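In: fold the following, please.
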Amino acid sequence: MNWQTIVQQIESATRQPFRLAKAQPLSGGDINAAYRLQAENVSFFVKLNTPDRLTMFEAEAAGLQALIQTQAIRVPKFIACGQTPDHAFLVLEYIDLHRLNSRSEQLLGQQLAQLHLQKQAYFGWHSDNTIGSTVQVNGHYHDWIKFWQQQRLGHQLTLAAAKGYSGRLQTLGDKLCSNLNPFFSGYQPQPALLHGDLWGGNVAADEQGNPVIYDPACYFGDRETDLAMTELFGGFSPAFYQAYQDAYPLAPGYARRKTLYNLYHILNHLNLFGQSYLHQAENMLDKLLADI
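Out: Purely as a prediction, here's the structure:
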């Protein structure tokens, strides 16, 4: 790997010399290759993918910068983004990450609530971005139900049909998409800046124990979608949920809506990783339709 172009981009962005001493591969990414680039006194985190994935990295950078501007919760600072002949790359601040402890879990709940409390003007985002490696379509909406129907569930169902997942999945999906109103009886979601992909693998603590979130798929939406995803794969403690609830109590009906919101991620997993998620998606659809 020739790091010269990336080193030059780092120097241009930081206005400081960067004499690369070591490029250490990092584990944990399903989609991108990741490295820690080390000099004597500073390190940077670098993601690599194929050159056609530059727009994915640009969208991630935009999300990180939006999260930073809220000053609610720590995220890695954006340094640079670009292309070499062989790779697209994203350079971020390197943070030495650690497991969350009880204090950092509590802080995470409080700080996520502060992020969600900041008002936004519409549902959606200023451009499309990605969820995993799937295009996440956005746009500007003032009707949350229509946004969720068209840009989230409908889009994933269309992708699934193109991959050959027809029949029962599509029949159930179409029926659900035309009957979303009952889940929002007495509840008016407000647009909040969302992390968008908030599972345990995208959360850690820094050396001081402060929570850090990363790998976002940001958009403006119902805050409950972030909370729902934390429950999808587990890994968040009662202290996190209690701290969030104390700072910004959830509305009645969340327990019903969280399955509706997590269906989006299971459909995305079906489209990304295949047949093993089909039965789970259909079961979730059955449960949601039975709840109407």
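In: can we go C-alpha only for contacts and neighbour counts from here?
Out: OK.
In: show me where pLDDT drops low in the protein?
Out: Across the chain, the ranges flagged by pLDDT under 70 are 28-29.
In: all strands of it, in order?
Out: Secondary structure of the chain (DSSP state E): strands located at 22-26, 33-38, 43-49, 78-83, 88-93, 123-125, 129-131, 134-136, 139-141, 192-194, 203-205, 211-213, 219-221.
In: tell me the angle the longest one makes with strand 78-83.
Out: If I follow you right, that is strand 43-49. 30 degrees (axes from the mean of the first three to the mean of the last three Cα atoms, to 10 degrees).
In: show me what counts as buried in strand 43-49.
Out: 43-49 (16 or more other Cα atoms under 10 Å).
In: what is that strand packed up against?
Out: strand 33-38, strand 88-93 (3 or more Cα pairs under 8 Å, 6 or more residues apart in numbering; DSSP states H and E).
In: quick one on the thing from earlier: okay, the buried residues of strand 43-49 in a markdown table with distance to Asp30 next?
Out: Formatted as a markdown table, the buried residues of strand 43-49 follow (distance: Cα to Cα, whole Å):
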| residue | distance to Asp30 |
| --- | --- |
| Ser43 | 22 |
| Phe44 | 20 |
| Phe45 | 16 |
| Val46 | 15 |
| Lys47 | 11 |
| Leu48 | 12 |
| Asn49 | 11 |
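In: format the strands of the chain as CSV; extra columns: distance to Thr70.
Out: Below are the strands of the chain laid out as CSV (distance: least, Cα to Cα, whole Å):
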stretch, distance to Thr70
strand 22-26, 29
strand 33-38, 27
strand 43-49, 22
strand 78-83, 15
strand 88-93, 18
strand 123-125, 16
strand 129-131, 20
strand 134-136, 22
strand 139-141, 20
strand 192-194, 9
strand 203-205, 17
strand 211-213, 13
strand 219-221, 13
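In: can you give me the domain assignment for the chain?
Out: What automatic domain parsing lists as the domains of the chain is 4-93, 102-290.
In: first-to-last residue distance for the shortest one?
Out: From the first residue to the last, domain 4-93 extends over 18 Å; the measure is Cα to Cα, to the nearest Å.
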